[in-house]
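Novice: build me a model from this:
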Amino acid sequence: MLKRGLNVTGFIRPSQVRCFRSDILGTDIFRVHHKDELTAIRAEREYCNGGMQETVKVAVTGGAGAIGYSLLFRIASGEMFGKKQRVQIRCVELPFAMDSLRGVAMELQDCAFPLLDGVFCTDDAERGFEDIDYALLVGSKPRGPGMERADLLKQNGAIFTGIGGALNKWARKSCKVVVVGNPANTNCLIAANNAPDIPIENFTAMTRLDHDRGLGQLAKKAGVNIKQVKDFCIWGNHSPTMYPDISRCTIGGQSAMQALSTANPDEDMQQWYTGEFMPCVQQRGAAIINARGASSAASAGNACLMHARDWELGTGGAVTSMAIPSNGEYDVTPGLFFSYPVTTQEGGAYKIVQNLNIDDFSRQKIKLTENELLAERDAVAEYLPH
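Specialist: Alright, predicted model coming up:
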């Protein structure tokens, strides 16, 4: 019989219910403990306050790369969807990286994650995307020496045309897509345009890394814990034209500029903001490459995880940054994937923060990054059938 914990009033609290784990029903462990059929039924109903939910299938492209490697183990451990949600990971790689990917799969198996319902490795996107709930599109073609940005856009255009088509054909129509591989905003635009059966609002591109970089710099400069920094956001493209906006940001309950000036009385904080902070956030990736000789893989993997987690579980009213399809909000051209300040609710709904007063400085910066995205859109027009 199941053991139950009672509170002082005698009522059962679901969090105190102790029962046999539903994930080992029918196994030798279950039989050794001589559990009866009724116990099995109760276990299925009550484990984790109502039973473990259906396994979520997550596809990750570029799983053998540095970002994918830093991401996969955290997904498997339950950091993406919580400790009550099983996941199956479906890794998609290029043929030459399959041996490396199999090694990653071995490591995942060796970790014995209780929430991991298997790892599937393939170099065929159609097989990798079959019946998936989430797609984390980490892989993309990097910019090589001497390569023009227009060439990079077109080469990735061909890649993400195929990815969009495979998602449209094989993924669930409720599938949520996070594009990490650069140029992320335009790669997302291409993928979404080639997956017409998946709602366009289910496609997002990641600017969470830029957002988190900004939070880190502001907290450091103000000398506060990062939790005290609120309402910071990134507008526009994931590129050096992005606009890190502190016009409505607060630090410890004060306006960001006031808090920064109090913490640094001998400095001109407006000059620091435009001359140091903004370039730092915009070019942080290049600075990390110069410092360590490699790209920011761990922080990018963390940002991807936090982007997807907040999208699924909600931000609790806190503002974050996501590149989402514009419907003309704040006079941005409709159809572009543009980073906005957003809040999210549990279950996957996001909402752009409305009725913000955009000053002239901000409007100028937003227009600059919008123009870059328009130029990118025009450069890949041949890959945009819808």
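
Novice: show the subsequent helix or strand relative to the longest strand that the chain contains.
Specialist: Assignment by DSSP state E gives strand 337-345 as the longest strand of the chain. Scanning forward in sequence from strand 337-345 by DSSP states H and E, the next helix or strand is strand 349-352.

Novice: and that next one, which residues are buried?
Specialist: Neighbour counts over strand 349-352 (16 or more other Cβ atoms under 10 Å) mark 350, 352 as buried. Glycine gets a C-beta too; all of them are placed from N, C-alpha and C.

Novice: same thing with stretch 302-322?
Specialist: 302-315, 319-322.

Novice: stretch 377-386 now?
Specialist: 377, 379-380, 383-384.

Novice: same question for stretch 167-175.
Specialist: Quick answer for stretch 167-175 (16+ other Cβ under 10 Å): 167-168, 170-172, 175.

Novice: what is the nearest of the residues you listed to Leu215?
Specialist: The shortest gap between Leu215 and any of the buried residues of stretch 167-175 belongs to Cys175, at 29.1 Å (Cβ to Cβ).

Novice: how near is Thr186 to Ala379?
Specialist: 8 Å (Cβ to Cβ, to the nearest Å).

Novice: between the two, which contacts overlap?
Specialist: Leu153 (Cβ atoms under 8 Å, 6 or more residues apart in numbering).

Novice: tally of neighbours for Asn225?
Specialist: Neighbourhood size, Asn225 [other Cβ atoms under 10 Å]: 9.

Novice: name the nearest residue to Gln228, sequence neighbours excluded.
Specialist: Gly252 (4.6 Å; Cβ to Cβ, 6 or more residues apart in numbering).

Novice: who's in contact with the one you found?
Specialist: Gly252 neighbours (Cβ under 8 Å, 6+ apart): 222, 224, 228, 259.

Novice: mind checking pLDDT for it?
Specialist: In this model, Gly252 is scored at 96, pLDDT.

Novice: which SSE is Gly157 in?
Specialist: helix 149-170.

Novice: which residues sit against that helix?
Specialist: 61, 125-132, 135, 137, 140-141, 143, 175, 177, 179, 181, 183, 186-188, 190-198, 376, 379-380, 382-383.

Novice: average pLDDT for the helix or strand following it?
Specialist: Sequence order places strand 176-179 as the next helix or strand after helix 149-170, per DSSP H and E. For strand 176-179, mean pLDDT is 98.

Novice: which strands and helices sit next to strand 176-179?
Specialist: Helices and strands touching strand 176-179, by 3 or more Cβ pairs under 8 Å, 6 or more residues apart in numbering; DSSP states H and E, are strand 134-137, helix 184-193, strand 203-205, helix 297-313.

Novice: which residues does that strand contact?
Specialist: By Cβ under 8 Å, 6+ apart, strand 176-179 touches 133-137, 160, 167, 185, 187-188, 191-192, 198, 202-206, 304, 307-308, 311-312, 348.

Novice: repeat that for 6 Å
Specialist: 134-137, 187-188, 202-206, 307-308 (Cβ atoms under 6 Å, 6 or more residues apart in numbering).

Novice: what's the pLDDT at Gly68?
Specialist: 96.

Novice: and it, which of the three is it?
Specialist: helix (DSSP: H, G, I helix; E, B strand; the rest coil).

Novice: tell me how far the residue nearest to Ala195 when sequence neighbours are not counted lies from His386.
Specialist: Closest residue in space to Ala195, ignoring its immediate chain neighbours: Asn168 at 3.8 Å, by Cβ to Cβ, 6+ apart. Separation of Asn168 from His386 (Cβ to Cβ) stands at 10 Å.

Novice: and the strands in the stretch 201-350 of the chain?
Specialist: 203-205, 229-230, 233-235, 243-245, 250-251, 254-255, 320-325, 337-345, 349-352 (DSSP state E, counting those that start in this stretch).
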